[in-house]
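Novice: Take a look and give me a structure for this.
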Amino acid sequence: NTAVRDEDIKTNIVDYGVPSRNRPVLAQVSYADLKSGAVEINGEEVRTSALSSFKKARQVAAELKSWVESGKLTVNLPTRRTDPTIVVKPMRESKRPPTVREIMNTNVVSINETEDIKTAAKKLLNAQTNHLPVVNAAGNVVGIVTTYDVSKSVVNDKSDGKVAEIMSKNVVTTTPDEVVDIAVMKLERNKISALPIVDANEHLVGLLNAVDLGKLVGKRWTK
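Specialist: Numbering: from 1, shown residues only. Here you go, the predicted structure:
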């Protein structure tokens, strides 16, 4: 049996409101979800419908099948064959959207997950920042610590512990080549104020926060 069920066919729902070819994925759904009449996106129920009636599509398919079987419909040769040497290129973007690379802060202070919470407090104070990306021995981002996390550990008498005990592990990251609009969407969707920036190997290369986004508002660069 080679049939594929609607539940097995997956597709992404992307945000076409972002002016980029690399649009953010809002949700992954199956054809069965789409045919159900509604899908959930970011906690909200969104109605879905087919571009045409499934009933009408089946009627057309059945009619075409009967034509083929009766000999009324024959397959003709193509009027013109496609040139296989032609290279298809995507449309040129009329206006290039800004990327994280153009506004990110590369002078970022980080801390190892095995270091003391008191060390994290000192680094936050000395760097005059509210966000401290946490890395492991390989330099990969594994979390983030904020001044709130440190303050909470002091109130709960846990300031003698390790960074790994108080850090947020479900860290949301961005990349240097990601469009700023997508990065902003990540901040808003996750209700956070900073994004560690990682390279292809998940190594920390920078940090993006509200101050960096202010560079766009202040028009410190024009392209």
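Novice: okay, now the domains of this structure?
Specialist: 6-70, 100-217 (automatic domain parsing).
Novice: worst average pLDDT in those?
Specialist: Least confident of the domains of the chain, judged by mean pLDDT, is domain 6-70 with a mean of 85.
Novice: okay, the domains of the chain, which one's buried deepest?
Specialist: Among the domains of the chain, the stretch with the highest mean neighbour count (mean count of other CB atoms under 10 Å) is domain 100-217, at a mean of 16. Just so you know, the C-beta spots here come from the backbone N, C-alpha and C atoms, and that holds for glycine as well.
Novice: Residue 28 reaches residue 13, doesn't it?
Specialist: Yes: with contact taken as CB atoms under 8 Å, residue 28 and residue 13 are classed as touching, separated by 7.4 Å.
Novice: Enumerate every residue touching the most centrally placed residue in the chain.
Specialist: Nearest to the mean C-alpha position of the chain, counting by CA atoms, centre = their mean, stands residue 24 at 4.7 Å. Taking CB atoms under 8 Å, 6 or more residues apart in numbering, we find residue 24 in contact with 14-15, 18, 182, 185-186.
Novice: Quick check: strands, which of the residues you listed are part of them?
Specialist: Residues of the contacts of residue 24 located in strands (DSSP state E): residue 14.
Novice: Which members of the contacts of residue 24 are the farthest-apart pair?
Specialist: Largest separation among the contacts of residue 24 by CB to CB: 14 and 186, giving 14.4 Å.
Novice: Remind me which helix or strand residue 67 belongs to.
Specialist: Assessed by DSSP states H and E, residue 67 sits inside helix 54-70.
Novice: What are the contacting residues of that helix?
Specialist: With CB under 8 Å, 6+ apart, helix 54-70 has contacts from 35, 73.
Novice: Please save the CA atoms from that helix in CSV.
Specialist: Provided in CSV are the C-alpha atoms of helix 54-70 (Å, rounded to 0.1, in the frame of the first residue of the first chain):
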residue,chain,number,x,y,z
PHE,A,54,-13.1,19.4,-2.6
LYS,A,55,-16.5,18.1,-3.8
LYS,A,56,-16.1,20.0,-7.1
ALA,A,57,-12.5,18.9,-7.5
ARG,A,58,-13.6,15.2,-7.1
GLN,A,59,-16.4,15.8,-9.7
VAL,A,60,-13.9,17.3,-12.2
ALA,A,61,-11.5,14.4,-11.6
ALA,A,62,-14.2,11.8,-12.1
GLU,A,63,-15.3,13.5,-15.3
LEU,A,64,-11.8,13.7,-16.7
LYS,A,65,-11.3,10.0,-15.9
SER,A,66,-14.4,9.1,-17.8
TRP,A,67,-13.3,11.1,-20.8
VAL,A,68,-9.9,9.3,-20.8
GLU,A,69,-11.5,5.9,-20.5
SER,A,70,-14.0,6.5,-23.3
